[in-house]
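Dropping a prediction and its sequence here:
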Amino acid sequence: MTDTPSARLTGRPSPVREEPTKATGEVAQPGQSADKTTRPGDQQVDAETEQAGLPSEVAALIGKVQYEQEGEFPVEQGYIWTSCSSVENGNPLFWDEQVARAITGGPIAPPTMLSVWFRPHHWAPGRTQQALPLQVHFDLKELFGLPEAVMTDNTIVFYEPVRPGDRLRTHQILRSVSPPKTTKLGTGRFWVIDVEYFNQRGDLVGLESYTGFGYRRGASAP
Amino acid sequence: MTTAMRYQQRTLAEVAPGDRLPTLRYEVTATTVILGALASRDWRPMHHDRDFAVHRNGTKDIFMNTPTQAAWFERYLTDWTGPKGRLGRMTFRMKGSVFPGDTMTIDGTVSHVDVDSTGCGWATVDMALTVDGEVKTTCTARIALPTNAHDNPWSRKGHDWQP
C-alpha cells in the first residue's frame, strides 16, 4: 500500500468515516467508553506490551472493551436485496425462501454485510455527534501524536449467521501495539484492533480485525 | 415463488489445490460505484461526488468502497461453491482504487483444501481484483463446502464451527 490519498482511503476498510479533518478530532459520546472486560490471553498481551515499551495509558487499553454501540435499526430484508443487486449476487439463499429454509433455517444476510448494519443514517433528528467506527484507531493516533495512518490489512471472521430482524451490537478492543518501527512510509507503530459483533441473544456473529500503522513521515521513533 | 430456484452445489471432493475459479469480468460504471456505496450505507462523498473525489481526495474519479469490493468477492466465491458454501473468513489487502470506466476482473485459485477436527470441509481461495492487469485488491478466503451431498456447513454452530 502506498501513501496516496486514494490508497489511504481505500485502505481503511468498512465503516470508517474518511473525512480526515473529522477523523482525529471527534471523541466518543459520554458513557460510550467502557473498560469492563478482561479476556483470556491478556497476560500474554501484557508481556508483549512491556516489550513494546508502551506508555501506561496505552498499555491500560489493551484487552479493554471500548465503544459499545447498538445498531440504529434492525437487520432488514430490503437492504439485503439492494446489496445483492448491487453486485449481481444471485445466490438463492437471499432470493428464495424455500432454499433459505432448507439450507439456513430461514433467510439470512450476506456475511460480508456485517459492517453495513452499523453505518449510521446520514442524518438523524437531534443527533449532534457520535463515536466513529474504529474510534480506537483514531485515539491511538492522538495518544502517540502520529499524524498519518494506514490500514495495512483487515480480516473478517464469520460466526452465527445474521438474520432479518436481528438487533446487532458491537464493541472495539485494542489487542496489541508494536514497538516503534520504520517502514518506507515513515516511523511509527503497528496496532491490531478487533471489532466484535453480537446479535440480540449475545451470540458472536462476526469479528473484524484491523492492522493499522500510525506514523510520521521520515521521523524518529515515537 | 412456488418452485425453489435451482442451483448447483460443489462438494469438497470436487475441489483440489491449484484449481482455478472461472474469471469474472465486469464493466464498472459510476452506477456500479454509487449503487454499491449506498447499498453498504456509505454516504461519504468520494463514493458518489466526482468533484469531491477529484478536488478533495486527489483521485481521478469516484472509487468503489471496500464493503462493495467485499460483496463482489463474496458473490464470486458463492457463484463457484453454490449456496451451501459458507464463508469462514476473508483477509483483504487494498493496493489501489477501482474507478468508473474500469473493467474489473476477479480471479481465484484454490491454495489449500482441508477437513478440520470437527469434520468441516474447507477450501482456501486466493483471489485478486485487477484492472488492466494491475492488482487493486487481494482477498484470501476460507470457505466451508459440504463434504458430501448430505452435509451442510450452515448447520454447524458453536464448537462445530471453527472459521
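Received the coordinates, thanks.

so residue A:133 touches residue A:114, yeah?
No - assessed by CB atoms under 8 Å, residue A:133 is found out of contact with residue A:114, at 11.8 Å. For glycine as for every other residue, the C-beta is placed from the backbone atoms N, C-alpha and C.

pLDDT below threshold where in chain B?
Chain B contains residues with pLDDT under 70 at B:1-3.

can you tell if the helix ranked longest in it touches chain A?
Using DSSP state H, we find that the single longest helix of chain B is helix B:66-81. Yes - interface with chain A: helix B:66-81 contributes B:66, B:67, B:68, B:70, B:71, B:72, B:73, B:74, B:75, B:78, B:79 (CB under 8 Å from any CB of the partner chain).

Which elements pack onto that helix?
helix A:77-86, strand B:20-27, helix B:30-39, strand B:86-94, strand B:103-115, strand B:121-131, strand B:134-145 (3 or more CB pairs under 8 Å, 6 or more residues apart in numbering or on different chains; DSSP states H and E).

where does chain A dip in pLDDT?
Applying pLDDT under 70 to chain A flags residues A:1-52, A:130-132, A:219-222.

Tell me where it has strands.
Using DSSP state E, the strands of chain A run over A:65-70, A:148-158, A:169-177, A:181-182, A:187-198, A:204-216.

So what's the gap between the second one and the chain middle?
So the one you mean is strand A:148-158. Its chain's average C-alpha position is 8 Å from that of strand A:148-158, according to CA atoms, centre = their mean, to the nearest Å.

Mind listing the strands it pairs with, and their directions?
In its sheet, strand A:148-158 lies beside strand A:204-216 (antiparallel), strand B:86-94 (antiparallel), with partners assigned from DSSP bridges.

Make a markdown table from those and add distance to residue A:129 to it.
Below are the strands paired with strand A:148-158 laid out as a markdown table (distance: least, CB to CB, whole Å):
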| stretch | distance to residue A:129 |
| --- | --- |
| strand A:204-216 | 22 |
| strand B:86-94 | 28 |
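
closest to residue B:23 out of those?
strand B:86-94 (19.1 Å; CB to CB).

Without its sequence neighbours, what residue ends up closest to the residue of chain A most remote from its centre?
Ranked by distance from the centre of chain A (CA atoms, centre = their mean), the top residue is residue A:98, with 33.9 Å. Take residue A:98 and drop its neighbours on the chain: the residue closest to it by CB to CB, 6 or more residues apart in numbering or on different chains is residue B:4, 3.9 Å away.

Residue A:192 now?
Leaving aside its sequence neighbours, residue A:192 sits nearest to residue A:175 (CB to CB, 6+ apart; 4.3 Å).

And the one you found, how close does it get to residue A:140?
12 Å (CB to CB, to the nearest Å).
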